[in-house]
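*Asks:* mind looking at a prediction? Sequence and model below.
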Amino acid sequence: MRDAPVLLTVLAAVAAGLWAWRRWHHQSFWLVVGYPIIALSVLASWRRVALGCGLTKKRQRFWFTTVPGMVASTGVVRVKRRFQRIAVDTKPFMWLPLPTRHGWRVTLHTLEGQTPGDYADAAERLAHSWGVHAIRASSPRPGRVVLMATMRDPLVKVDQLPAPTDLLKVTVGRLENGKPWTIDFRTVPHWLNAGATQSGKSNLANALIVGLSPQPVALVGFDLKGGVEFTPYSPRLSALATSRAETVTLLDDLVGLMVDRMGLCRQGGARNIWQLPPGIRPTPIVVLVDELAELYLMADKSEKDEIAKTSTALLRVAQLGRAFGIYLFCCGQRIGSDLGPGVTALRAQCSGRICHRVNDPETATMTLGDLDPAALVSARAIPAETPGVAIVAGQDGQWYRARSFYVTEQTAEHAARTYADLAPAWDEITSHLPESINA
């Protein structure tokens, strides 16, 4: 009995030490203590979890029993074998779970007739069975499925990362797997960014302004809210359109620039501007479009021709702009097929997709519906209290939950003023275009 207080003191000290270890160095605690416990628990529970989630299969197996019989005349024992067919549940073979930064991953061998979609459909049930934040299923090669488990949501708090030094590449946040969320216009040239008010859509545009301002690129803005969004960033913008009439003129300039750069590449024997020598390579242009729907909305029939011209020019830029250094980043609260065929055609050219919380299913379907149904379901589940969280179609063909860094308007305005001297004048960019285009 005298040893009881000492034992309690030791246990309390150990518990406090484990709590401090987990609190101040979570990664090492996870690798040394948490991961071994979780790995053994997952392996031990896999049979019943697979059965409960419908991932097992019934197989017929043959078993036999021996029935001895005595023959009285000779004393010889004869053994009869009786074969029986019984059904057994076969679970997929599971390798040892491996630790990751925010959880663990495990590789499974699929059974006959199974596809990765079966595991993706059961992902939510698997997450609840193992008590983790989320399970993602992917297939690196036929016959294999990788389950990626996240113990806790890594997007609750997102810290600022160092800015990349590559041209036309901006780190805007963090992916759910802990890796940086990077928008690389050289790899994915055109982006569609959908999101309701206060969902983080404008914050992402601010992050792009901050990331692109120090780079030797021209920034062009289309802001049909009368310029209230992009006017504060005008010191770094080479051109800004705030009305539909200005939009038509600016899009005509962009189309003319593409035609001019086509001729330059043809003369230099290059397929795109990046194959030209640096001395004659034209300046890359990033076009930021805010409230995309405003380009297609029609108040009366008198605007029909103007909208058709705008839609055609923007689609031409999306189709041909990549090779000639013109990139699009289109934002909108409402992006639906009811806006006309021009929006659907533009969506097909934007391989980069970002969907924040939206107010209507049609916008989420337009943004992600042709990529992955599971991504669409995840986008509709984004809560209002997590601004900046979005579903992103990655450069590797996969989709991820991500969250952008919080970038205030003041930070973006400061970056625009600081690097205003890097903004090439639009008159200089278009000075060599024909007079009919500049007029």
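*Replies:* That came through, no problem.
*Asks:* for stretch 220-230, list every residue counted as buried.
*Replies:* 220-224, 227, 229-230 (16 or more other CB atoms under 10 Å). To be clear about C-beta, it is placed using only N, CA and C from the backbone, and glycine gets the same treatment.
*Asks:* what about Arg380, how many residues nearby?
*Replies:* Arg380: 15 surrounding residues under other CB atoms under 10 Å.
*Asks:* whoops, I mixed them up, Ala381
*Replies:* 10.
*Asks:* same question, Glu409
*Replies:* Using other CB under 10 Å, Glu409 has 14 other residues around it.
*Asks:* please name the residues that touch it.
*Replies:* 206, 232 (CB atoms under 8 Å, 6 or more residues apart in numbering).
*Asks:* and Leu264, helix, strand or coil?
*Replies:* helix (DSSP: H, G, I helix; E, B strand; the rest coil).
*Asks:* which stretches of the stretch 101-250 of the chain have low pLDDT?
*Replies:* 160-164 (pLDDT under 70).
*Asks:* and the strands in it?
*Replies:* When secondary structure is read from DSSP state E, counting those that start in this stretch, the stretch 101-250 of the chain shows strands at 103-109, 134-138, 144-150, 169-175, 180-184, 190-194, 218-223, 237-241.
*Asks:* can I get those strands in JSON lines with distance to Val255?
*Replies:* Below are those laid out as JSON lines (distance: least, CB to CB, whole Å):
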{"stretch": "strand 103-109", "distance to Val255": "47"}
{"stretch": "strand 134-138", "distance to Val255": "40"}
{"stretch": "strand 144-150", "distance to Val255": "44"}
{"stretch": "strand 169-175", "distance to Val255": "26"}
{"stretch": "strand 180-184", "distance to Val255": "24"}
{"stretch": "strand 190-194", "distance to Val255": "15"}
{"stretch": "strand 218-223", "distance to Val255": "13"}
{"stretch": "strand 237-241", "distance to Val255": "14"}
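*Asks:* mind checking which of the ones you listed is nearest Thr363?
*Replies:* strand 190-194 (5.2 Å; CB to CB).
*Asks:* what residues does the closest one touch?
*Replies:* Taking CB under 8 Å, 6+ apart as the rule, strand 190-194 contacts 183, 201, 204-205, 318, 321-322, 327-333, 335, 346-347, 349-356, 358, 363-364, 366-367.
*Asks:* which stretches of this structure form helices?
*Replies:* Along the chain, the stretches classed as helices by DSSP state H are 3-24, 26-29, 35-52, 116-121, 123-130, 201-212, 244-268, 304-320, 341-349, 361-368, 373-380, 409-418, 426-429, 435-438.
*Asks:* pLDDT weak spots in the stretch 251-400 of the chain?
*Replies:* For the stretch 251-400 of the chain (pLDDT under 70), the answer is 394-397.
*Asks:* try 90
*Replies:* 279, 291, 293-308, 333-344, 347-348, 351, 358-387, 393-400 (pLDDT under 90).
*Asks:* which non-adjacent residue is nearest Asp260?
*Replies:* Distance criterion CB to CB, 6 or more residues apart in numbering; nearest residue to Asp260, sequence neighbours excluded, is Leu433 at 6.1 Å.
*Asks:* wait, the one you found touches Val255, no?
*Replies:* No. If you go by CB atoms under 8 Å, Leu433 and Val255 don't touch, sitting 10.0 Å apart.
*Asks:* compare the two (neighbour count), which wins?
*Replies:* Of the pair Leu433 and Val255, Val255 is the one with more neighbours under other CB under 10 Å, namely 20 against 17.
*Asks:* OK, contacts around the more buried one?
*Replies:* 313, 316-317.
*Asks:* turn those residues into TSV, including distance to Pro216 and neighbour count.
*Replies:* Putting these into TSV (distance: CB to CB, whole Å; neighbours: other CB atoms under 10 Å) gives the following:
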residue	distance to Pro216	neighbour count
Ala313	26	18
Arg316	25	16
Val317	21	24
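*Asks:* hey, what's the residue nearest to the spatial centre of the chain bridged with?
*Replies:* Nearest to the mean C-alpha position of the chain, by CA atoms, centre = their mean, lies Val392 at 2.1 Å. Residues in a beta bridge with Val392, per DSSP bridges, are Ile354, Tyr400.
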